[in-house]
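Asker: no sequence on this one, just coordinates:
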């Protein structure tokens, strides 16, 4: 793994300011874990791409995160977001402000 530190700030169309802190280059089968608010979020590099999240209906839930597919009503762009279960109210405010529409929660699946 290589880490290239950054410190670049920029604003999104919605005036939210982001700060780009690092680029991380992984080799195949390397995993990184992000930790915050008692949650963990893993990304694994594979030779075919990435495991972008832990299992959506088991491990991610055990870290109090839920994956949701949303669409921007302004641009039509699709996003997968991870919502901490104790910040549902903040998430509701955010999606209204950003004009996002929930298409589906990704931790619900029925095997047909």
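Answerer: Yep, that arrived. These numbers come from a predicted model, not from an experiment. Numbering: from 1, shown residues only.
Asker: name the nearest residue to residue 2, ignoring sequence neighbours.
Answerer: residue 25 (4.4 Å; C-beta to C-beta, 6 or more residues apart in numbering). To be clear about C-beta, it is placed using only N, CA and C from the backbone, and glycine gets the same treatment.
Asker: pretty sure the one you found sits against residue 1.
Answerer: Yes: in terms of C-beta atoms under 8 Å, residue 25 counts as a neighbour of residue 1; the distance is 6.8 Å.
Asker: centre of the chain to the longest helix along the chain, how far?
Answerer: Secondary structure of the chain per DSSP state H: the longest helix is helix 88-97. Here helix 88-97 is found 15 Å from its chain centre; the criterion is C-alpha atoms, centre = their mean, to the nearest Å.
Asker: next, count neighbours for the residue nearest to residue 2.
Answerer: Using other C-beta atoms under 10 Å, residue 25 is surrounded by 10 other residues.
Asker: what does residue 56 give?
Answerer: Around residue 56 there are 19 residues (other C-beta under 10 Å).
Asker: report pLDDT for it.
Answerer: If you check residue 56, the pLDDT there is 92.
Asker: do the same with residue 111
Answerer: On the pLDDT scale, residue 111 gets 63.
Asker: contacts for the strand or helix carrying residue 24?
Answerer: Using DSSP states H and E, residue 24 sits within strand 17-25. Here strand 17-25 makes contact (C-beta atoms under 8 Å, 6 or more residues apart in numbering) with 1-12, 32.
Asker: sheet partners, orientation included, of it?
Answerer: strand 2-11 (antiparallel) (DSSP bridges).
Asker: quick one, what contacts the closest residue to residue 44 other than its chain neighbours?
Answerer: Closest residue to residue 44 apart from its sequence neighbours, by C-beta to C-beta, 6+ apart: residue 51 at 4.1 Å. Each residue near residue 51 by C-beta under 8 Å, 6+ apart is listed here: 42, 43, 44.
Asker: SS state for the first one?
Answerer: When the structure is split into helix, strand and coil by DSSP: H, G, I helix; E, B strand; the rest coil, residue 42 lands in strand.
Asker: any idea how many residues pack against it?
Answerer: 15.
Asker: now swap in residue 87 and tell me
Answerer: 13.
Asker: thanks a lot, see you next time.
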